[in-house]
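Peer 1: Here is a sequence with its predicted model. Questions after.
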Amino acid sequence: MTIDEALREAAGRLVASPTARLDAEVLLAHVCATNRTWLYTWGDRKLTAVQREEFQALVVRRAEGLPVAYLVGSREFWGLGLETSPATLIPRPDTERLVEVALESTPRPVGELLDLGTGTGAIALAFASERRDWQVIGVDLSVDAVTLAQTNARRLAITNARFFQSDWFSALPGQRFDLILSNPPYIAADDPHLLLDDVRFEPRSALVAEAGGMSDLAWLVEHAPNYLRPEGWLWVEHGHCQAGQVREALRRRGFRGVASHRDLAGLERVSGGQWA
């Protein structure tokens, strides 16, 4: 079987995925230890028996709903190749908007950033890669997530980012930051999106929050000022229907310059403000 034939067959088996062809290409590139461009160039090359068997096994697991990022153990975010695991959320393109907003709101060349609930370290590492003179800290309640973020930082040689285990701010008494970012749990427990293929395999603790998904967002808005320097910024990712509630919470707490920003789909996805 050639590469082109294998991809066509796999895409046909993955019709339930909206990205069937892309899924097949990423899986086969992983099996062949190469990239998708190579697959396009050498589409008439035949797979070995071992490659074909390994590829078919991955296609079966993807057809069962397992996320591609977990099957291949990696995902690109902000141009960075990040290792992934079922211990963390899969970094998604929409979250890059949070990084963009953070960079736009803090043009200063030196500062300190805190990423709460860092997971793979995606947000912290993306920012740190752009602002090499900033000191970046990422924390997560999950020890496995912290270990994974540390591994990603070492592999990417990003030396201005450090990662620690912490229940939100608990391990950071007395510290203050110029910028606090977070992609916290914000999905309601009864949200039907939790039944979708990729999401149902991700850690529920990183997805679901009480009070219709608002409890962690509200808690962060309330407590972040205790860890912000004057003129520091807080930016959080949230659900597309939660922007108004987050803005109201920010204004009530005393933030100024409160605003929301839209994601790739045009939905309000990131909100925040500056601490006065």
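Peer 2: Yep, it's here. Numbering: from 1, shown residues only.
Peer 1: Flag the helix or strand of the chain with the lowest per-element mean pLDDT.
Peer 2: When the helices and strands of the chain are scored by mean pLDDT, DSSP states H and E, helix 197-200 comes last with a mean of 82.
Peer 1: Enumerate the positions of the helix or strand just after that helix that are buried.
Peer 2: Later in the chain than helix 197-200, the nearest helix or strand by DSSP states H and E is helix 210-213. Judged by neighbour count (16 or more other CB atoms under 10 Å), helix 210-213 contains these buried residues: 212-213. Placement of C-beta: from N, CA and C, glycine included.
Peer 1: now what about whichever helix or strand comes after helix 210-213, what contacts it?
Peer 2: Later in the chain than helix 210-213, the nearest helix or strand by DSSP H and E is helix 215-223. With CB atoms under 8 Å, 6 or more residues apart in numbering as the contact definition, helix 215-223 has outside contacts at 116, 168-169, 180, 182, 184-186, 209, 211, 234, 236, 238, 242, 245-246, 249-250, 253, 255.
Peer 1: and if you look at stretch 120-132?
Peer 2: Stretch 120-132 has contacts (CB under 8 Å, 6+ apart) with 75, 77-78, 80, 82-84, 88-89, 91, 95-96, 98-99, 102-103, 109, 111, 113, 115, 118, 134, 136-138, 145, 148-150, 152-153, 156, 158, 160-161, 163, 181, 183.
Peer 1: So which elements touch the biggest strand by length in the chain?
Peer 2: Ordering each strand of the chain by length in residues (DSSP state E) puts strand 228-237 first. If you count contacts as 3 or more CB pairs under 8 Å, 6 or more residues apart in numbering; DSSP states H and E, strand 228-237 packs onto helix 96-105, strand 177-182, helix 215-223, strand 268-275.
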